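Enquirer: what's the 3D shape of this:
(one chain, ligands or ions: 1)
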Amino acid sequence: MTYSFEEFCADNRNAYGQDGVADLEQIRLNLERLIRENPEFVARECDPEFDYGIRELYKDPEKGFIVYSHKSVGGRTSPPHDHGASWAIYGQAWNVTDMTEYRRTDDRSTEGHAKIERTKAYRLEPGQVGKYGPHEIHQIHFEDEAGFIRVTGADLFKVDTLTYDPETESVKIVGAGSSAGSELPQPDAA
Ligand SMILES: [Fe+2]
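Expert: Numbers count the residues shown, from 1 in each chain. Here you go, the predicted model:
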């Protein structure tokens, strides 16, 4: 039987403990299952033939997590960034995304200064899902017509996040919304 989007959302709701903390590995597995067992849903929501952009597919009224579909036109490389106190789970649906993870190595004593070092680099192929916890740093790169389903713990349009520049060893708060769709090219981007 098909794993429906409604079941997926219910399973994510059930992945929260009594303490209100989400089991990110469980949600990652749920998203893998959705992509694997419901190709019709993925085709409908992520097929690059249809409109480009980000769409909110579901927001949970109780737990606050949000499911988005992302469809890109053109490639894009984001700067290293976090999702603030939120988390994000990326499920690749079309094409591939190259992910790089970093860890912060400075002592955070100087405002605006940050050193980060690369810890992992890997490719998400269709059907593969990556998870990124609160304040974890990653960088994302994809080519034209990538599509993915993303689940976030909160509304990234309302959460302050950090963007890092390893060249200048700097960090800045980029404000609410900056990582909500920062991985996506704008319609007029070259
Ligand atoms: Fe991100």
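
Enquirer: Please enumerate the helices of the chain.
Expert: Assigned by DSSP state H, the chain shows helices spanning 5-13, 24-37, 39-46.

Enquirer: would a markdown table of these with distance to I173 and mean neighbour count be doable?
Expert: In this view, the C-beta of every residue, glycine as well, is placed from N, C-alpha and C. Listed next are the helices of the chain as a markdown table, based on distance: least, CB to CB, whole Å; neighbours: other CB atoms under 10 Å:
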| stretch | distance to I173 | mean neighbour count |
| --- | --- | --- |
| helix 5-13 | 28 | 17 |
| helix 24-37 | 24 | 19 |
| helix 39-46 | 31 | 17 |
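
Enquirer: Just send those helices back as CSV, with distance to R123 and mean pLDDT too.
Expert: Shown next, in CSV, are the helices of the chain (distance: least, CB to CB, whole Å; pLDDT from 0 to 100):
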stretch, distance to R123, mean pLDDT
helix 5-13, 24, 98
helix 24-37, 16, 97
helix 39-46, 17, 88
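
Enquirer: Out of those, flag the one nearest V129.
Expert: helix 24-37 (4.8 Å; CB to CB).

Enquirer: Please tell me how far Q26 sits from Y16.
Expert: 9 Å (CB to CB, to the nearest Å).

Enquirer: Same check on N95?
Expert: 31 Å.

Enquirer: Please name whichever of the helices of the chain is nearest to T110.
Expert: With CB to CB as the measure, helix 24-37 is the member of the helices of the chain nearest T110 (30.9 Å).

Enquirer: which helices and strands does the closest one pack with?
Expert: Here helix 24-37 touches helix 5-13, helix 39-46, strand 88-94, strand 129-132, strand 147-152, going by 3 or more CB pairs under 8 Å, 6 or more residues apart in numbering; DSSP states H and E.

Enquirer: ok, W94 to I140 distance?
Expert: 15 Å.

Enquirer: So for those two, which sits in the more crowded spot?
Expert: Under the neighbour definition other CB atoms under 10 Å, W94 and I140 were set side by side, and I140 has more, 24 against 20.
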